[in-house]
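Novice: Sequence and computational prediction follow.
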Amino acid sequence: MTIDITTEYIKLDQLLKYAGIVGSGGNAKVIIQNEVVLLNGVRVTERGKKIRSGDLVIIGEQEIYVRWGNIS
């Protein structure tokens, strides 16, 4: 899946909510703390990690590519 952002970055927990992976910030926190999130191939445990255009976030089988673009 590709997510378009119009800001310099989006925080990891916000990205997971925006992409519909989790329903709440609490759920995002649990997933991130369980060390199942990869950012560009590196395991991430920081929920406030800044995700920028060009980054690839992987959670299990789900891939989220982030790009800068206009949201219609």
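Specialist: That came in fine, so what should we check first?
Novice: quick check: longest strand of the protein.
Specialist: In the chain, assigned by DSSP state E, the strand with the most residues is strand 62-68.
Novice: Provide the strand pairings for that one, with the direction of each partner.
Specialist: If you go by DSSP bridges, strand 62-68 pairs up with strand 2-5 (parallel), strand 56-59 (antiparallel).
Novice: tell me what the helix ranked longest in the chain is packed against?
Specialist: Assignment by DSSP state H gives helix 25-33 as the longest helix of the chain. On a contact count with 3 or more C-beta pairs under 8 Å, 6 or more residues apart in numbering; DSSP states H and E, helix 25-33 meets helix 12-18. Quick note: C-beta positions are derived from backbone N, CA and C, even for glycine.
Novice: Dump the C-alpha coordinates for the helix it packs on into PDB.
Specialist: What follows is helix 12-18, C-alpha atoms only, in PDB (Å, rounded to 0.1, in the frame of the first residue of the first chain):
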ATOM      1  CA  LEU A  12       5.200   5.900  13.100                       C
ATOM      2  CA  ASP A  13       2.200   5.500  15.400                       C
ATOM      3  CA  GLN A  14       0.200   8.100  13.400                       C
ATOM      4  CA  LEU A  15       1.100   6.300  10.200                       C
ATOM      5  CA  LEU A  16      -0.200   3.000  11.500                       C
ATOM      6  CA  LYS A  17      -3.500   4.600  12.400                       C
ATOM      7  CA  TYR A  18      -3.700   6.600   9.100                       C
END
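Novice: Of the strands paired with strand 62-68, which shows the lowest average pLDDT?
Specialist: Here the strands paired with strand 62-68 differ in mean pLDDT, and the lowest is strand 2-5 at a mean of 91.
Novice: Contacts made by it with the rest, please.
Specialist: 10, 15, 18-19, 53, 64-71 (C-beta atoms under 8 Å, 6 or more residues apart in numbering).
Novice: Buried ones in that strand, by neighbour count?
Specialist: Neighbour counts using 16 or more other C-beta atoms under 10 Å place 3, 5 of strand 2-5 among the buried residues.
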